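Participant: predicted coordinates and the sequence they were generated for:
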Amino acid sequence: MFDRKRILLDLYSRLYEAFGPRHWWPGDSPFEIAVGAILTQNTAWRNVRKAIDNLKTASLLSPDALYHLPIQDLAAVIRPAGYYNIKAQRLKHFVEFLFLENGGDLEGLLTEALDTLRNKLLSIKGVGPETADSILLYAGTRPTFVVDAYTRRILFRHRLMPQEASYDEVRFFFMDCLKPDVAMFNEYHALLVHLGHTFCSKRNPKCTECPARGWNDE
Ligand code: SF4
């Protein structure tokens, strides 16, 4: 039985040493972070930034303002984030959920039991596990691991997970091996994204220059 904990800690150390802290997730409030987690689906962060700046400039970055804003107006404001009609619907579903569950108070809601809250977030139309875990970890500072396509690819290429592994299997792989450490989960996911973005691309991985070169090769 290979030592999965040691292997995962080894990758973390390599990445932290190579890249340093990533300072995730940018945002001035838990609500801004949650909105960013919804807007970032299938788009680059720079486009999300523009959409959030638009919301801020128009004084719309609050649960109350988004709740009362007509959906077509919301779509127009978040247009830079792409898929703006779908994302406007998702934001509406999210704020409606907030008002239904806790009178629009996200921070209060984020103190609920982790599994219960995760299941509630997953019940919102348009919120999948990556978005739910991003909200929980980065907006709520709750100890859950966020899995994305880069994470799956890196584990697969290093023979730690089959290509067809589910989101929950990959999440469990990390959470079963590592202590529930919010700061580490925060940094680890950000480092994996940076690794995927800079070295482990889909078509041309730059293995010879990569800080993960030789990882889990024993
Ligand atoms: S680029 Fe190569 S060495 Fe780096 S994580 Fe991807 S597969 Fe591993």
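Facilitator: Done, it's in.
Participant: quick check: domain ranges of this protein?
Facilitator: Domain ranges of the chain: 4-23+145-209, 30-139, per automatic domain parsing.
Participant: would you turn those into JSON lines with distance to the ligand, mean pLDDT and mean neighbour count?
Facilitator: Where C-beta positions appear, they are placed from N, C-alpha and C, glycine not excepted. Below are the domains of the chain laid out as JSON lines (distance: least, CB to the nearest ligand atom, whole Å; pLDDT from 0 to 100; neighbours: other CB atoms under 10 Å):
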{"stretch": "domain 4-23+145-209", "distance to the ligand": "3", "mean pLDDT": "97", "mean neighbour count": "16"}
{"stretch": "domain 30-139", "distance to the ligand": "19", "mean pLDDT": "97", "mean neighbour count": "18"}
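Participant: now the residue nearest the centre of the chain, nearest residue through space, not along the chain?
Facilitator: With the centre of the chain defined as its mean C-alpha position, the nearest residue by CA atoms, centre = their mean is S134, 3.4 Å away. Distance criterion CB to CB, 6 or more residues apart in numbering; nearest residue to S134, sequence neighbours excluded, is A37 at 4.0 Å.
Participant: that neighbour and G128: what is the separation?
Facilitator: Distance of A37 to G128, computed by CB to CB, to the nearest Å: 11 Å.
Participant: how about F31, what does it touch?
Facilitator: Contacts for F31 (CB atoms under 8 Å, 6 or more residues apart in numbering) come out as L61, S62, P63, L106, A139.
Participant: repeat the analysis, applying 10 Å as the threshold.
Facilitator: By CB atoms under 10 Å, 6 or more residues apart in numbering, F31 lies in contact with 61-63, 66, 94-95, 98, 104-107, 135, 139.
Participant: returning to that earlier point: what about the residue nearest to the centre of the chain, which SS state?
Facilitator: Three-state assignment for S134 (DSSP: H, G, I helix; E, B strand; the rest coil): helix.
Participant: that older thread, so the residue nearest to S134 touches P26, yeah?
Facilitator: No. Using CB atoms under 10 Å, A37 makes no contact with P26, being 11.4 Å away.
Participant: need the overlap of contacts for these two.
Facilitator: Common contacts of A37 and P26, defined by CB under 10 Å, 6+ apart, comprise V48, Y138.
Participant: helices or strands next to the longest helix seen in the chain in the packing?
Facilitator: Counting residues, the longest helix found in the chain (DSSP state H) is helix 84-102. With contacts taken as 3 or more CB pairs under 10 Å, 6 or more residues apart in numbering; DSSP states H and E, helix 84-102 sits against helix 30-39, helix 45-57, helix 63-68, helix 71-77, helix 106-109, helix 114-122.
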